[in-house]
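In: I would like the atomic coordinates for the input below:
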Amino acid sequence: MKQQNNNLKSLDTLFIKTYGCQMNEYDSSRMADMMKQAYGLRLVGRAEDADVILMNTCSVREKAEEKVYSELGRYKLLKDKRPDMIIGVGGCVGQQEGERIQKRAPCVDIVFGPQTYHRLPEMVKQIRRRRVKLTETDMPEIEKFDHLPKAESHGFSGFVTIMEGCDKFCTFCVVPYTRGPELSRPVNDILDECRQLLTNGVIEISLLGQNVNGYRGEGPDGEEWDFTMLLYAVAELEGLKRLRFTTSHPMEMTDELCVAFGEIPQLMPYLHLPVQSGSDVLLKAMHRGHDRDAYYRRIDLLRQHCPEIALSSDFIVGYPGESDADFEATLELVRHVRYDSAFCFKYSPRPGTPAAKSEDSVPEAVKDERLQRLLSLMRQQTGEAMARQVGRRLDVLVEKESRTAGDMQGRTPDFKIVHFKGRPRQIGQIMPVRITEAYGQSLRGELILGGDR
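Out: Numbering: from 1, shown residues only. Alright, predicted model coming up:
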C-alpha cells in the first residue's frame, strides 16, 4: 500500500546498487521486498529513473570507500535536478563510515548498517515528513529477521541468511567490526523461509553467512543445532533439488560436515573454503586459527567422502611481512590442493584492522609480481579442471539465455558455467548436457534429448 500524503510526491520507483558478496545480494533483495510492501515501489534498472536510491556497500575490497563516494558524486547530480529524491547508503561502508558519509556527501539522506536495514520504511517516512538526515548503525541482536516480510522468490534459485557476523577476527578483515559478532537464527525460522521459497517455485537454495559453517542456532527441540544438523533438515524439505552454502571457515569444517557431502544428495559437490595463505607463519600472523596441515586434512577428508567435489578459495598476496618463502608456500599449497578456481588479491589495509597498523609492508612491485604468478598458476588449474569435464554427462540447472543467439546458460552441480543450444522455456529446469568443449572460464555442451543418456 502506498503512503498517502497530499503534500508529498508519491514514491514509485527504487534502484539498488549492490556491491560485494552474496549476503549483500540477499540483503538487497529483502530491502526491495520491504520497500515494495511499505510503499509499493517497483525496482528499476537505472538510478536516473528512481525516486529512491539505495547503495548496499561492501568494505572488504581495496578502495571501497572511494568507489562509494565516486558513485555518490553521480547521484548528487541527479538529486540536484530532483530534490525530492531519497538517497541511502547501507551495508558495511555505511556501518564503518556512519555520519562521515553525510558530512562528505550531503546529498545522502540515510546511512544504515547491515543490521538495521529493516528500519528503512520508517526512516523513509521520517525523511519525507521532516526532511531530516538519519543514521542507524547500531547492532541489535539479529532483530532485523523478526521484521522482514516473507521472502519473495525472484526465480528458481533462492538465498537464505542463517547467521550474521564473525568472531574470528582475522587481522586483515573488517567484517567483525561492520557486521558484528556471530549470531545464528533459530532453525524453525530458517526452515520456514526455505519452505516459502520452495512454495514459490525455487528449487535451489544457498545458505549464507560470513562464517556459515560456524552456525549454532536453537533447534525445534530447544537444543543447540550445529550447521551439519541444519543441512540435513533443509535437505529434507519437499521440492528442494539443490543445496549450497557459503562462505566457510576451515576451523568450522567438522568431520560430520565433510561426511555430509557424501550423504546428502541435494548438497552440491562444490565448496568455497578460503585459506588466504599457504605459510604457517602468515596463517598465525593473520590469526586464522589453523595451520597448513590442518587445512590439508580437511581437503583430504572432503575428497574421501565426495571425490568429485570442486574447490575454490581466497588468497591474499603481499600481506605485511610476507617473505619469498611464505609466498612459495602459498604456491605449494595451491599445487597440492588443485583448485577449480580461486579469488586472488593483493593485500590492502582496511581501516581499523590490526594488520593496517603494521609497518612491515611488502613493496607494491613485489605484490604485483607475486599476484601474477599466482594468477598464472590458477588459470592453469582452472583450465585443467574445465578440460576434465569434456565428454561427461552433467545435469545443468538452466539459468538464463546466453549472449549468443539460441544459446542457454546454466550451472553444473560443481558450479561451472555451461553454454548450449536450447530454448528459454528450459529456464529453471535441470537438463542433461554432454560437455563437448572447455574454455577458460566456461564449458560448451549439447543437450541430451530423448533416450540418449
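In: scan this protein for its longest helix.
Out: Longest helix in the chain, counting residues (DSSP state H): helix 364-387.
In: list the buried residues in the next helix or strand after it.
Out: As assigned by DSSP states H and E, the chain's next helix or strand after helix 364-387 is strand 393-401. Neighbour-count burial for strand 393-401, counted by 16 or more other Cβ atoms under 10 Å, picks out 394, 396, 397, 398, 399, 401. To be clear about C-beta, it is placed using only N, CA and C from the backbone, and glycine gets the same treatment.
In: which other helices and strands does strand 393-401 contact?
Out: If contacts are counted by 3 or more Cβ pairs under 8 Å, 6 or more residues apart in numbering; DSSP states H and E, strand 393-401 sits against strand 407-411, strand 417-421, strand 430-438.
In: could these go into a markdown table alongside mean pLDDT, mean neighbour count and distance to residue 331?
Out: Listed next are the helices and strands packed on strand 393-401 as a markdown table, based on pLDDT from 0 to 100; neighbours: other Cβ atoms under 10 Å; distance: least, Cβ to Cβ, whole Å:
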| stretch | mean pLDDT | mean neighbour count | distance to residue 331 |
| --- | --- | --- | --- |
| strand 407-411 | 97 | 21 | 29 |
| strand 417-421 | 97 | 19 | 26 |
| strand 430-438 | 97 | 18 | 24 |
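In: make CSV out of those and add distance to residue 255.
Out: Converted to CSV, the helices and strands packed on strand 393-401 look like this (distance: least, Cβ to Cβ, whole Å):
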stretch, distance to residue 255
strand 407-411, 28
strand 417-421, 32
strand 430-438, 30
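In: can you check which of those gets nearest to residue 135?
Out: Closest approach to residue 135 among those (Cβ to Cβ): strand 407-411, 39.5 Å.
In: packing partners of the closest one?
Out: Using 3+ Cβ pairs under 8 Å, 6+ apart: strand 407-411 touches strand 393-401, strand 417-421.
In: contacts for the longest one next, please.
Out: If I follow you right, that is strand 393-401. Contacts to strand 393-401, defined as Cβ atoms under 8 Å, 6 or more residues apart in numbering, come from residues 156-157, 203-204, 241-242, 407-413, 418, 420, 422, 424, 426-435, 445, 448, 453.
In: sheet-wise, list the partners of that strand with their directions.
Out: Strand 393-401 has the following strand partners under DSSP bridges: strand 407-411 (antiparallel), strand 430-438 (antiparallel).
In: just the shortest one next, same as before
Out: Next to strand 417-421 in the sheet, as set by DSSP bridges, lie strand 407-411 (antiparallel), strand 443-447 (parallel).
In: which residue ranges form the helices in the protein?
Out: Using DSSP H, the helices of the chain run over 22-39, 64-81, 91-97, 100-104, 120-130, 175-178, 187-199, 227-235, 255-263, 280-285, 292-305, 324-337, 364-387.
In: the longest one to strand 417-421, inter-axis angle?
Out: Following axes from the mean of the first three to the mean of the last three Cα atoms, to 10 degrees, one obtains 50 degrees for the angle between helix 364-387 and strand 417-421.
In: relative to residue 29, which of the strands paired with strand 417-421 is closest?
Out: strand 407-411 (18.9 Å).
In: just the CA trace of that closest one, in PDB.
Out: C-alpha atoms of strand 407-411 as PDB (Å, rounded to 0.1, in the frame of the first residue of the first chain):
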ATOM      1  CA  ASP A 407      22.200 -20.400 -26.600                       C
ATOM      2  CA  MET A 408      21.200 -21.000 -23.000                       C
ATOM      3  CA  GLN A 409      23.400 -20.800 -19.900                       C
ATOM      4  CA  GLY A 410      23.400 -22.900 -16.800                       C
ATOM      5  CA  ARG A 411      25.400 -24.300 -13.900                       C
END
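In: 34 is where my numbering starts, stick with that
Out: All set: I'll call the first residue 34, so the last point we hit is now strand 440-444.
In: contacts for that strand?
Out: Strand 440-444 is contacted by residues 429-435, 450-457, 459-460, 464, 466 when judged by Cβ under 8 Å, 6+ apart.
In: about what we covered before: out of the helices and strands packed on strand 426-434, which is closest to residue 145?
Out: Closest to residue 145 of the helices and strands packed on strand 426-434, according to Cβ to Cβ: strand 440-444, at 32.7 Å.
In: can I get the buried residues of strand 426-434 in a markdown table including pLDDT and distance to residue 225?
Out: As requested, these are exported to a markdown table (pLDDT from 0 to 100; distance: Cβ to Cβ, whole Å):
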| residue | pLDDT | distance to residue 225 |
| --- | --- | --- |
| 427 | 97 | 33 |
| 429 | 98 | 30 |
| 430 | 97 | 24 |
| 431 | 97 | 28 |
| 432 | 95 | 26 |
| 434 | 94 | 33 |
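In: which one of those residues is nearest residue 266?
Out: residue 430 (22.3 Å).
In: from residue 462, how far off is that closest one?
Out: 8 Å (Cβ to Cβ, to the nearest Å).
In: give me the sheet partners of the helix-or-strand element of the chain with minimal mean pLDDT and which way each runs.
Out: Lowest on mean pLDDT, DSSP states H and E among the helices and strands of the chain sits strand 167-169, with a mean of 82. Sheet pairing of strand 167-169 (DSSP bridges) gives strand 143-145 (parallel).
In: off-centre distance for the strand it pairs with?
Out: Remark: strand 143-145 is offset 21 Å from the chain centroid, using Cα atoms, centre = their mean, to the nearest Å.
In: over to stretch 330-345?
Out: Centroid displacement of stretch 330-345 relative to its chain, using Cα atoms, centre = their mean, is 22 Å.
In: in it, what's buried?
Out: For stretch 330-345, a neighbour-count test (16+ other Cβ under 10 Å) marks 331, 332, 334, 335, 336, 339, 342, 343, 344, 345 as buried.
In: and what of stretch 102-112?
Out: By 16+ other Cβ under 10 Å, the buried positions in stretch 102-112 come out as 104, 105, 108, 111, 112.
In: that older thread, nearest to residue 203, of the strands paired with strand 426-434?
Out: strand 440-444 (29.4 Å).
In: please consider this matter closed, and thank you.
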